[in-house]
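J.: After the sequence you'll find the predicted model.
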Amino acid sequence: AQKITQTQPGMFVQEKEAVTLDCTYDTSDPSYGLFWYKQPSSGEMIFLIYQGSYDQQNATEGRYSLNFQKARKSANLVISASQLGDSAMYFCAMREGRGGNNRKLIWGLGTSLAVNP
Amino acid sequence: EAQVTQNPRYLITVTGKKLTVTCSQNMNHEYMSWYRQDPGLGLRQIYYSMNVEVTDKGDVPEGYKVSRKEKRNFPLILESPSPNQTSLYFCASSLPPEQFFGPGTRLTVL
């Protein structure tokens, strides 16, 4: 069974508007971490934001925020005030456990975001 | 500057010709790993290493070898590459919670 699901293969947004990229996950481990990465056309993987399963507040990093709904097992990425440079693939990933010996990330298939001027 | 470097960035080779993709990090991280990225399959872990001389298989280790003789280096070795190993490869090192990725190596095996 797929552990990370990103249901939106592609999204469009107008410059300066906000956009939400969906991510749902499946795990029976009470301790886990959720990540979002950005991959521009140049190919590198850029870390955006992290949410731990025990974190009480939703994570925020500049224009990025993570809408963490634990009961629904969703970890949606919200990008506010979209910029042309936000056009990229966005990947949601999960690490089960508290790290230590298990730091493997399980990845979704990504959402391609296009920001229109 | 803290970074993970990979070389080469692009490589076209032929079936059966041994190759090594180097990976180096300057952050003194203990954990390092290799992923491959394929369209429709996402990123899949090939091998990982918890520390020097400690390596273990990920999800898709067949056809690959690794070594970790020094903390900073984690080379990926393809002893006899085949066309199904054509992919985009990423090396990563970890300081929890973040995994730092190298720039990627685009490998084509003809």
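T.: Right, received. Where do you want to start?
J.: show me what contacts residue A:14?
T.: Neighbouring residues of residue A:14 by CB atoms under 8 Å, 6 or more residues apart in numbering or on different chains: A:82, A:115, A:116. From N, CA and C alone the C-beta is placed, and that goes for glycine too.
J.: Residue A:13 is in contact with the first one, correct?
T.: Yes - applying CB atoms under 8 Å, one finds residue A:82 in contact with residue A:13, separated by 4.9 Å.
J.: any shared contact partners between these two?
T.: Here residue A:82 and residue A:13 share the contacting residues A:19, A:115, scored by CB under 8 Å, 6+ apart.
J.: which stretches of chain A have low pLDDT?
T.: Along chain A, segments meeting pLDDT under 70 span A:1-2, A:97-102.
J.: Can you tell me the closest non-neighbouring residue to the residue of it found nearest chain B?
T.: Here the residue of chain A nearest chain B is residue A:45; by CB to the nearest CB that distance is 3.9 Å. Using CB to CB, 6 or more residues apart in numbering or on different chains and skipping residues adjacent in sequence, the residue nearest residue A:45 is residue B:101, 3.9 Å away.
J.: and if you look at residue A:52?
T.: Nearest one to residue A:52, counting by CB to CB, 6+ apart, is residue A:33 at 5.2 Å.
J.: count of residues packed around the one you found?
T.: For residue A:33, the count of nearby residues is 23 (other CB atoms under 10 Å in any protein chain shown).
J.: same deal with residue B:77?
T.: 14.
J.: Let me see the contact set for the one residue sitting closest to the centre of chain B.
T.: In chain B, the residue lying closest to the centroid (CA atoms, centre = their mean) is residue B:34, at 3.4 Å. Applying CB under 8 Å, 6+ apart, one finds that residue B:34 lies in contact with B:23, B:45-48, B:58, B:64, B:66, B:74, B:76, B:89-92.
J.: Residue numbers of chain A in contact with chain B?
T.: A:33, A:35, A:37, A:43-47, A:50, A:52, A:91, A:93, A:95, A:99, A:101, A:103-105, A:107-110 (CB under 8 Å from any CB of the partner chain).
J.: Could you turn the buried ones of the residues you listed into a ChimeraX selection?
T.: To isolate the buried ones among the residues of chain A next to chain B in ChimeraX, judged by 16 or more other CB atoms under 10 Å in any protein chain shown, type:
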select /A:33,35,37,43,45,47,50,52,91,93,95,103,104,105,107,108,109,110
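J.: before we move on, the earlier item: of the contacts of residue B:34 - the most surrounded one?
T.: Busiest of these [other CB under 10 Å] is residue B:74, holding 30 neighbours.
J.: I am finished for the moment; much appreciated.
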